[in-house]
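> Have a look at this prediction, sequence included:
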Amino acid sequence: MPAEAILEVRDLAKLYPLTQGIVFKRQVGSVRAVDTVSFDLARGETLGIVGESGCGKSTVAKTLVHLEEPTAGTIRYKGEDITRLSGKALKAVRRNIQMVFQDPYTSLNPRMTVGDIIGEPYEIHPEVAPKGDRRRKVQDLLDVVGLNPEYINRYPHQFSGGQRQRIGIARGLALNPEIIICDEPVSALDVSVQAQVINLMEKLQQEFDLSYVFIAHDLSVVRHISDRVAVMYLGRFAEIGTDTQIYEHPTHPYTQALLSAVPVPDPTARDHRERILLAGDVPSPANPPSGCRFRTRCWKAQPKCAAEVPLLAVPEWLRGEGPSAHPSACHFAAERGVVPAEEPES
Ligand code: ADP
Ligand code: MG
């Protein structure tokens, strides 16, 4: 991917205080919602982020659009450190990095017309569309997302789920952003509608030269739209790679387990595949396991996994070895059935 990085995220972390008591709140610990997450987003690229509920996906999204301040780490936008901006500088950056939310049923104010919802960003950024121009701009946006411009005076309840998400997307586009952070934009929609909304987002990406971070809890949802995919577990990236690397050559046991649970329509392919069942539930992010956070559910776990945090890096014995060579945060990363040439002892 030779394109320039439009977003560079390094060692991003977000801790939420864990409090006890109702009247006199005492901090009794912290929830490590996101812990040292790093990635680049290239211009025009879509990075999928996938993981089970509660693993920190929305927290990553919120820090990227400044809805939450990270506890540690840096976010660079076109080379500029935007992690702790405020005032005018923050406003200028915010315009270029927009978010589309998960639930089109609750994220749209039911008392506002569609025109007011989509045009709301212009109240904060009037320079993008002068007052006299706004109605026409909003109608253009409705048209762009495949809705009838005559619907401008309707209310959210008059639309279906898929149409409401189109309205959310239109609002995300209102300020001509360069990056859109899409936090599970299709998770609340019927499967039959999901593909239509994803197709629309791909079309818009081409048309407006957008870069996407596209979050989902299911690997199959992001496959089609993503150039690269990151698999997240308990606040960290387990593995990151191109779609071929992640779907055809996963080396992290967690990714392998997630993929083994995805239904395969082709019965012959199904026969050749082993189901991996994960033991137990995701541990609490307030008290994550030592070393590798996945080790309590991993069939490959060894004493080393409890003692040492595995770094997200290309495994030594896979370096330069074709499609498998991509970063994986596992001490024993390997394709299933492939035995590492030598035991990775450090
Ligand atoms: P996901 O989007 O992957 O489901 P989230 O980012 O929403 O995960 O949450 C990650 C973890 O952080 C969860 O354990 C969640 O309970 C916790 N969390 C999220 N927001 C807050 C908050 N405002 N205060 C305390 N804990 C939070
Ligand atoms: Mg979420």
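Structure's in. What do you need? Ligands and ions are numbered 1, 2, ... in the order given.
> Can you classify the residue sitting nearest the centre point of the chain as helix, strand or coil?
Nearest to the geometric centre of the chain sits I215, at 3.1 Å (CA atoms, centre = their mean). Three-state call for I215 (DSSP: H, G, I helix; E, B strand; the rest coil): strand.
> next one: Y105
Under three-state DSSP, Y105 falls in the coil class.
> Please apply the same query to D40.
From three-state DSSP, the assignment for D40 is strand.
> Distance-wise, check the residue nearest to the centre of the chain relative to E184.
Using CB to CB, to the nearest Å, I215 is found at 5 Å from E184. Placement of C-beta: from N, CA and C, glycine included.
> between the two, what contacts are shared?
Listed as contacting both I215 and E184 by CB atoms under 8 Å, 6 or more residues apart in numbering are 57-58.
> Quick check: bridge partners of I215?
With DSSP bridges applied, I215 shows beta-bridge pairing to I49, D183.
> can you pull the contacts of it?
Going by CB under 8 Å, 6+ apart, I215 touches 48-50, 57-58, 60-61, 181-184.
> wait, which of these is closest to ligand 2?
Ranked by distance to ligand 2 (CB to the ion), those are led by S58 at 3.2 Å.
> C-terminal to the strand or helix carrying the closest one, which secondary structure element comes first?
Using DSSP states H and E, S58 maps to helix 57-64. As assigned by DSSP H and E, the chain's next helix or strand after helix 57-64 is strand 72-77.
> just to revisit the earlier point, got the angle between the helix holding S58 and strand 72-77?
Using axes from the mean of the first three to the mean of the last three CA atoms, to 10 degrees, the direction of helix 57-64 lies 60 degrees away from that of strand 72-77.
> centre of the chain versus helix 57-64, how much separation?
8 Å (CA atoms, centre = their mean, to the nearest Å).
> Equivalent analysis for stretch 107-123, please.
Stretch 107-123 sits 25 Å away from the centroid of its parent chain (CA atoms, centre = their mean).
> Same check on stretch 210-220?
In terms of CA atoms, centre = their mean, the centre of stretch 210-220 is found 5 Å from the chain centre.
> again, but for stretch 317-324
26 Å.
> Now do the buried residues in that stretch.
317-318, 324 (16 or more other CB atoms under 10 Å).
> pLDDT averaged over it - what is it?
In this model, stretch 317-324 has an average pLDDT of 74.
> Can you give me the end-to-end span of it?
Across stretch 317-324, the terminal residues are separated by 10 Å (CA to CA, to the nearest Å).
> So which residues on the stretch 201-346 of the chain come close to ligand 1?
Taking CB under 6 Å from any ligand atom as the contact definition, the stretch 201-346 of the chain meets ligand 1 at P285.
> so which residue of the stretch 201-346 of the chain comes closest to ligand 1?
Of all residues in the stretch 201-346 of the chain, P285 sits closest to ligand 1, with a separation of 4.5 Å (CB to the nearest ligand atom).
> So that residue versus K91, what's the distance?
Applying CB to CB, the value for P285 to K91 is 32 Å.
> Those two: who's more crowded?
Taking neighbours as other CB atoms under 10 Å, P285 and K91 compare with P285 leading, 22 against 13.
> ok, that one touching V34?
No - using CB atoms under 8 Å, P285 is not in contact with V34, being 9.1 Å away.
> Now do the shared contacts for the two.
Going by CB under 8 Å, 6+ apart, residues that sit against P285 and also against V34 are 56, 235.
> Tell me which residues are up against the helix or strand G115 falls within.
In this structure, G115 sits in helix 114-119 according to DSSP H and E. Defining contact as CB under 8 Å, 6+ apart, one finds that helix 114-119 is touched by 108-109, 129, 134-135, 137-138, 141-142, 151-156, 159, 167, 170-171, 174.
> what about the helix or strand following it, average pLDDT?
Reading on from helix 114-119 to the C-terminus, the next helix or strand found by DSSP H and E is helix 121-124. Helix 121-124 carries an average pLDDT of 94.
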